[in-house]
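> sequence and predicted structure are below.
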Amino acid sequence: ISDLDLENEKVTITNKGTKDVDMAGWKLVSEEGNQTFTFPDGFVLKAGASVNIWAGPNAKHNPPTDLKWTGSYIWNNDGDAAALYDAEGKLVDRVVK
């Protein structure tokens with residue numbers, strides 16, 4: 001998780017590795033609201049690339065750079081944590097804002 005922007009309802013995930021990652025079944029969780037986004041089947045995050053996960057009324061959907069979670073507000077602007085889990089349920093990263 002390279003950026004958590006609570007106000008703009010955007011989480012940026014960057015693949016800092018040298019191999020592409022098949023993210024099918026991976027989960028992004030808003031811990032405050034206990035809401036979960038599951039990456040779609042077939043979504044691959046290329047080595048060195050980033051993807052933005054959007055929520056709220058201005059959510060964008062333009063794969064592979066932008067994925068829409070929902071048109072509803074997800075993130076608590078007073079403080080929230082984003083947790084990223086792989087397809088096996090192992091915590092990969094967690095950011096608190």
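Looks like it came in fine.
> could you pull up the contacting residues of Thr14?
2, 49-50 (Cβ atoms under 8 Å, 6 or more residues apart in numbering). All C-beta atoms are positioned from the backbone trio N, CA, C, and that covers glycine.
> same deal with Ala59?
Counted by Cβ under 8 Å, 6+ apart, Ala59 has contacts 9, 68-71.
> for Glu32, see how far away it is.
18 Å (Cβ to Cβ, to the nearest Å).
> element containing Asn52, please.
Element membership of Asn52 [criterion: DSSP states H and E] is strand 50-55.
> next, the angle from whichever helix or strand comes after that strand to strand 50-55.
Under the assignment DSSP H and E, the closest C-terminal helix or strand after strand 50-55 is strand 66-70. Following axes from the mean of the first three to the mean of the last three Cα atoms, to 10 degrees, one obtains 20 degrees for the angle between strand 66-70 and strand 50-55.
> mind checking pLDDT for Gly33?
We have a pLDDT of 87 for Gly33.
> quick one: it and Ile74 touch, right?
Yes: Gly33 lies in contact with Ile74 (Cβ atoms under 8 Å); the separation is 6.4 Å.
> what are the buried residues along stretch 33-48?
For stretch 33-48, burial by neighbour count (16 or more other Cβ atoms under 10 Å) applies to 37-39, 43, 45.
> in its sheet, what does the strand holding Asn52 sit against?
strand 10-14 (antiparallel), strand 66-70 (parallel) (DSSP bridges).
> between these, which one is closest to Tyr85.
Closest to Tyr85 of the strands paired with strand 50-55, according to Cβ to Cβ: strand 10-14, at 11.8 Å.
> pLDDT averaged over that closest one - what is it?
pLDDT averaged over strand 10-14 gives 98.
> for Lys90, find the nearest of the strands paired with strand 50-55.
Using Cβ to Cβ, the nearest of the strands paired with strand 50-55 to Lys90 is strand 10-14, at 15.3 Å.
> which helices and strands does the next helix or strand after the closest one pack with?
Remark: after strand 10-14, the chain's next helix or strand is strand 21-22, criterion DSSP H and E. Applying 3 or more Cβ pairs under 8 Å, 6 or more residues apart in numbering; DSSP states H and E, one finds that strand 21-22 makes contact with strand 44-45.
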